[in-house]
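Colleague: Make a model of this:
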Amino acid sequence: MEPISSHQVFGGHISTEPRINERIKVPEVRLVGPAGEQVGIVRIEDALRLAREADLDLVEVAPMARPPVAKLMDYGKFKYEAAQKARESRRNQTNTVIKEMKLRPKIDSHDYETKKGHVVRFLKAGDKVKITIMFRGREQSRPELGFNLLKRLADDVAEDGTIESAPKQDGRNMLMVLAPTRKKTEARVEVEAAKAARAADRAAAAEEERRQEAELRAAAATTVHPKKKRGPADNMDPDVDL
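Modeller: Reported below is the predicted structural model:
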């Protein structure tokens, strides 16, 4: 004997689609018009008739109400617009990205400026940054070095990021998390705008170069070179000594 699956027991998958038109099996509904107006409680037969007359669908929007609430609408158009909104929402959704930057407590000024530049770039792109100060040997007895370095970095990038997680000791390391002052979507819009501006500048420069080349060719084509006048010496034999 074959085992009975949960699919067979519960009658298949539960549909998330609302019931529409003849699939609504209730004696009456609280009807809402296509513009959101309240029609009132009507028999299901009358609601279906009104839907047919308006060339619309009767859609059950609140099945748990007593009686259920149904609305007159173009269900195909409603589903299409809902799918469009869902796609737009997924396109605008951004995943939180945490970059990491590691520093030594006694980092020299050149390396510090380089790594600070990376941190600023990450923050401008809308990403969080985890700063890790790595202690070695006797440096572990001087945690204030790491704390002061993290505070200095946070102050230097304050325009683009804020402290989300304050400095804390984690074994041989000290950690701090910086969060961007702008949302990732805003940063992405600005980056795209900057790219578009650079592309427009390149196109304008190329067009100007083509225009100048065309003017030079046109000027060269219209230039008339005067003919050299022949003198008495032009008719002489070059081999004859004068």
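Colleague: Please count neighbours and contacts with C-alpha atoms only from this point.
Modeller: Fine.
Colleague: Mind checking what secondary structure the closest residue to Phe147 other than its chain neighbours has?
Modeller: Distance criterion CA to CA, 6 or more residues apart in numbering; nearest residue to Phe147, sequence neighbours excluded, is Pro167 at 6.6 Å. Look at Pro167: counting by DSSP: H, G, I helix; E, B strand; the rest coil, its state is strand.
Colleague: distance of Pro167 from Asp57?
Modeller: Per CA to CA, to the nearest Å, Pro167 is found 59 Å from Asp57.
Colleague: which of those two has more neighbours?
Modeller: Comparing Pro167 with Asp57 by other CA atoms under 10 Å, the one with more neighbours is Asp57, at 22 against 19.
Colleague: quick one, what contacts the more buried one?
Modeller: Contact analysis of Asp57 by CA atoms under 8 Å, 6 or more residues apart in numbering lists 20-21, 51, 71-75.
Colleague: Next: Ile163.
Modeller: Contacts of Ile163 (CA under 8 Å, 6+ apart): 154, 176-179.
Colleague: can I get the residues you listed in a markdown table with secondary structure and pLDDT?
Modeller: As requested, these are exported to a markdown table (DSSP: H, G, I helix; E, B strand; the rest coil; pLDDT from 0 to 100):
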| residue | secondary structure | pLDDT |
| --- | --- | --- |
| Ala154 | helix | 95 |
| Met176 | strand | 96 |
| Val177 | strand | 95 |
| Leu178 | strand | 95 |
| Ala179 | strand | 93 |
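Colleague: distance of Glu17 from Gln169?
Modeller: Counting by CA to CA - Glu17 and Gln169 are separated by 52 Å.
Colleague: Show me which of these two is the more surrounded one.
Modeller: Set side by side, Glu17 and Gln169 show more neighbours around Gln169, with 14 against 7, by other CA under 10 Å.
Colleague: doesn't Met176 make contact with the more buried one?
Modeller: No. Between Gln169 and Met176 there is no contact under CA atoms under 8 Å: 9.3 Å.
Colleague: which of the contacts of Ile163 tops the neighbour count?
Modeller: Ranked by neighbour count under the definition other CA under 10 Å, those are headed by Leu178 with 25 neighbours.
Colleague: Give me the spatial nearest neighbour of it, chain neighbours excluded.
Modeller: Using CA to CA, 6+ apart, the nearest residue to Leu178 is Ile163, at 4.6 Å.
Colleague: Helix, strand, or coil at the one you found?
Modeller: Once three-state DSSP is applied, Ile163 turns out strand.
Colleague: How confident was the prediction at the residue nearest to Phe147?
Modeller: What the model reports for Pro167 is a pLDDT of 93.
Colleague: Equivalent analysis for the one 3 residues further on, please.
Modeller: On pLDDT, Asp170 comes in at 88.
Colleague: With the one 5 residues further on instead?
Modeller: The per-residue pLDDT reported for Leu175 equals 95.
Colleague: likewise Gly12?
Modeller: Model confidence at Gly12 (pLDDT) stands at 45.
Colleague: In TSV, list the contacts of Ile163 along with distance to Ala218.
Modeller: As requested, the contacts of Ile163 are exported to TSV (distance: CA to CA, whole Å):
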residue	distance to Ala218
Ala154	60
Met176	65
Val177	63
Leu178	60
Ala179	58
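Colleague: Which one of those is nearest to Ser89?
Modeller: Ala179 (22.9 Å; CA to CA).
Colleague: The closest one touches Lys124, doesn't it?
Modeller: No. Between Ala179 and Lys124 there is no contact under CA under 8 Å: 10.1 Å.
Colleague: Could I get the contacting residues of the residue nearest to Phe147?
Modeller: 147, 150, 174-177.
Colleague: which residues of the protein fall in helices?
Modeller: In the chain, the helices defined using DSSP state H lie at 6-9, 44-53, 75-92, 109-124, 143-156, 184-222.
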